[in-house]
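# got a predicted structure here, sequence first:
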Amino acid sequence: MDRITRRSLGLGLILSAVLPGSVRARPSWASGTYVYADLCLTADHAPAGQRVTLRRSPRGDTLVYETAALSGPVQAETLHLDAATRGLAFAADADGHTIRFTGTLAVDALTGVLEDETGSHPVRLSRILRPHANAACREERTGSLDSAR
């Protein structure tokens, strides 16, 4: 081995030993689609629950909110996402009423409080990684708009 090759190899070993300990990999909320939902089917096979679909893009973020209680999906009119704290807040007009959400994104769930015309409701929506059929609803649901109406 010549001197330049040995020097390059030595520098590579030093960098590989130093960098992993000094630079920590942090998961980032990069571009992509994130779906959080608690959708299920009632005993009479009616859909229930809610879904939040967050689309991250360099061109801007968008969020769509859906629930069986609404006539269709609504796009958030205001959206605030803090990448450092994973805080999420949005507001949308849903069938003539304003809904607001404030909460936190996590790798496995979206948690927070949803406010609508009936009051404040705690929400915990699991992250959905793959499409699948809706499961049967539990007897007593929490955090769903349907249980509040």
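Right, received. Where do you want to start?

# just to check, Phe90 is in contact with Val64?
No - assessed by C-beta atoms under 8 Å, Phe90 is found out of contact with Val64, at 9.9 Å. From N, CA and C alone the C-beta is placed, and that goes for glycine too.

# those two: which is more packed in?
Neighbours were counted for Phe90 and for Val64 using other C-beta atoms under 10 Å; Phe90 has more, 23 against 16.

# neighbours of the nearest residue to the more buried one once chain neighbours are set aside, how many?
Nearest-residue entry for Phe90: Ala76, 3.9 Å, with adjacent residues in sequence omitted and distances by C-beta to C-beta, 6 or more residues apart in numbering. Residues within reach of Ala76, counting by other C-beta under 10 Å, total 22.

# which residues in the chain form strands?
Here the chain has its strands, by DSSP state E, at 32-37, 40-41, 47-48, 50-56, 62-67, 74-75, 78-82, 87-94, 97-105, 109-116, 119-128, 135-136.

# would JSON lines of those strands with mean pLDDT be doable?
Below are these laid out as JSON lines (pLDDT from 0 to 100):
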{"stretch": "strand 32-37", "mean pLDDT": "92"}
{"stretch": "strand 40-41", "mean pLDDT": "83"}
{"stretch": "strand 47-48", "mean pLDDT": "82"}
{"stretch": "strand 50-56", "mean pLDDT": "94"}
{"stretch": "strand 62-67", "mean pLDDT": "94"}
{"stretch": "strand 74-75", "mean pLDDT": "94"}
{"stretch": "strand 78-82", "mean pLDDT": "95"}
{"stretch": "strand 87-94", "mean pLDDT": "95"}
{"stretch": "strand 97-105", "mean pLDDT": "95"}
{"stretch": "strand 109-116", "mean pLDDT": "96"}
{"stretch": "strand 119-128", "mean pLDDT": "94"}
{"stretch": "strand 135-136", "mean pLDDT": "78"}
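
# bridging residues for Gly103?
Beta bridges link Gly103 to Leu88, Gly112 when assigned by DSSP bridges.

# just checking, it touches Pro122?
No - contact status for Gly103 versus Pro122: not in contact, 9.4 Å apart, counting by C-beta under 8 Å.

# identify the contacts common to those two.
Residues touching both Gly103 and Pro122 (C-beta atoms under 8 Å, 6 or more residues apart in numbering): 111-113.
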